[in-house]
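Student: can't give you the sequence, but here's the structure:
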């Protein structure tokens, strides 16, 4: 799947060409809404990129909310079953997209497939559905047949960071939430406002141009923190993956993910909380 973009991305024209020539692809529609767990499937059913399958943030890319946070990772066996149900193999290229330039929740799917499960060829549609529509991309309500797979991925748990690790590591923490939430000025979702002490604020929206495409590799490389060790987090481990993807586009070493993120951190009242810019 050739593309002038970094390997983690694919543009609309390239995806359209792959579909036109009948290339075997697995396309995952990752649209979701935090305030409506059924919204993603309804959006997919109303119209989607031809050949795409719906993958659900709450049902497939996360386990039940609770002590581990709002969007804890599913266990490896459950995610393996999801990948097999979707017919994903280690040799079939995968394309993920959503309608928020990867922020909800295509970047999470990319991270789980590529970084955690080790799939070698997972790409995000740069600009998402907005770019697809701008270039006249077809939408359909058709549902194709799916052939299941027997892929058994080998999961890389070293891509994850724990809360205990954050308390003792010298690694740099980057927070993907909006600055107002980082500062503790507002908190529309979680019961405690603020951030993990010592973290840097890097809203995932700053990875994008005004048109919703990822910035160039050079621009991202110049903007992203340059420390050797980086751990990415957000509210519940979804938009944190967008920052990890930005590192991949920049050609840099990938941060680890604190999957439980802020929603897990505040479950223990003994963990410190900071407000303001530091």
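Tutor: Cool, the structure landed. Only a predicted model underlies this, so the values are computations on that prediction, with no experimental measurement involved.
Student: residue ranges of the helices in the stretch 101-250 of the chain, please?
Tutor: Here the stretch 101-250 of the chain has its helices, by DSSP state H, counting those that start in this stretch, at 106-110, 128-134, 163-168, 179-183, 217-223, 240-250.
Student: any idea of the mean pLDDT for the fifth one?
Tutor: Helix 217-223 shows a mean pLDDT of 97 in the predicted model.
Student: Could you pull out the buried residues of it?
Tutor: Judged by neighbour count (16 or more other Cβ atoms under 10 Å), helix 217-223 contains these buried residues: 217, 220-221. All C-beta spots, glycine's among them, are computed from the backbone N, C-alpha and C.
Student: Pick the one among those residues closest to residue 99.
Tutor: residue 220 (21.9 Å; Cβ to Cβ).
Student: which residues does that closest one contact?
Tutor: 207, 214, 246-247, 249-250 (Cβ atoms under 8 Å, 6 or more residues apart in numbering).
Student: Out of those residues, give me the one that has the most neighbours.
Tutor: For the contacts of residue 220, neighbours were counted by other Cβ atoms under 10 Å; the highest total belongs to residue 246, with 31 neighbours.
Student: Chain neighbours aside, what residue packs nearest to it?
Tutor: Of all residues not flanking residue 246 in the chain, residue 207 sits nearest, at 4.3 Å (Cβ to Cβ, 6 or more residues apart in numbering).
Student: who touches that neighbour in this structure?
Tutor: With contacts defined as Cβ under 8 Å, 6+ apart, residue 207 is in contact with 214-215, 220, 242-243, 245-246.
Student: got a pLDDT number for the closest residue to residue 66 other than its chain neighbours?
Tutor: For residue 66, ignoring the flanking residues on the chain, the nearest one in space by Cβ to Cβ, 6+ apart is residue 72 at 7.2 Å. We have a pLDDT of 98 for residue 72.
Student: Confirm for me that residue 72 is in contact with residue 63.
Tutor: Yes - when contacts are counted by Cβ atoms under 8 Å, residue 72 is listed as touching residue 63 (5.1 Å).
Student: quick one: which of the two has more around it?
Tutor: Neighbours around residue 72 and residue 63, counted as other Cβ under 10 Å, are more numerous at residue 72. The numbers are 20 against 17.
Student: What separation do you get for that one and residue 237?
Tutor: In this view, residue 72 and residue 237 are 8 Å apart by Cβ to Cβ, to the nearest Å.
Student: Residue 204 now?
Tutor: Residue 204 is 12 Å from residue 237, where distance means Cβ to Cβ.
Student: what about those two, which has more around it?
Tutor: Taking other Cβ under 10 Å, residue 204 and residue 237 do not tie; residue 237 has more neighbours (30 against 27).
Student: Could you list which residues are in contact with that one?
Tutor: Residue 237 sits in contact with 69, 71-73, 108, 257-261, where contact means Cβ under 8 Å, 6+ apart.
Student: and if you look at residue 211?
Tutor: Per Cβ under 8 Å, 6+ apart, neighbours of residue 211: 127, 130-131.
Student: do that again at 7 Å, thanks
Tutor: By Cβ atoms under 7 Å, 6 or more residues apart in numbering, residue 211 lies in contact with residue 127.
Student: now do residue 182
Tutor: Applying Cβ under 7 Å, 6+ apart, the residues contacting residue 182 are 175, 195, 201.
Student: Looking at the residues you listed, which is nearest residue 37?
Tutor: Distance to residue 37, by Cβ to Cβ, is smallest for residue 175 among these, at 24.5 Å.
Student: Quick check: that closest one touching residue 195?
Tutor: Yes - distance between residue 175 and residue 195: 5.4 Å, which falls inside the contact criterion (Cβ atoms under 7 Å).
Student: where does the stretch 101-250 of the chain have low pLDDT?
Tutor: Applying pLDDT under 70 to the stretch 101-250 of the chain picks out no residues at all.
Student: Could you check what's spatially nearest to residue 40, not counting adjacent residues?
Tutor: Spatial nearest neighbour of residue 40, chain neighbours left out: residue 32 (4.2 Å); criterion: Cβ to Cβ, 6+ apart.
Student: can I see the domain layout of this protein?
Tutor: Partitioning the chain according to automatic domain parsing yields domains covering residues 9-134, 160-265.
Student: quick one, what contacts residue 137?
Tutor: For residue 137, the residues meeting the contact criterion (Cβ under 7 Å, 6+ apart) are 12, 16, 49.
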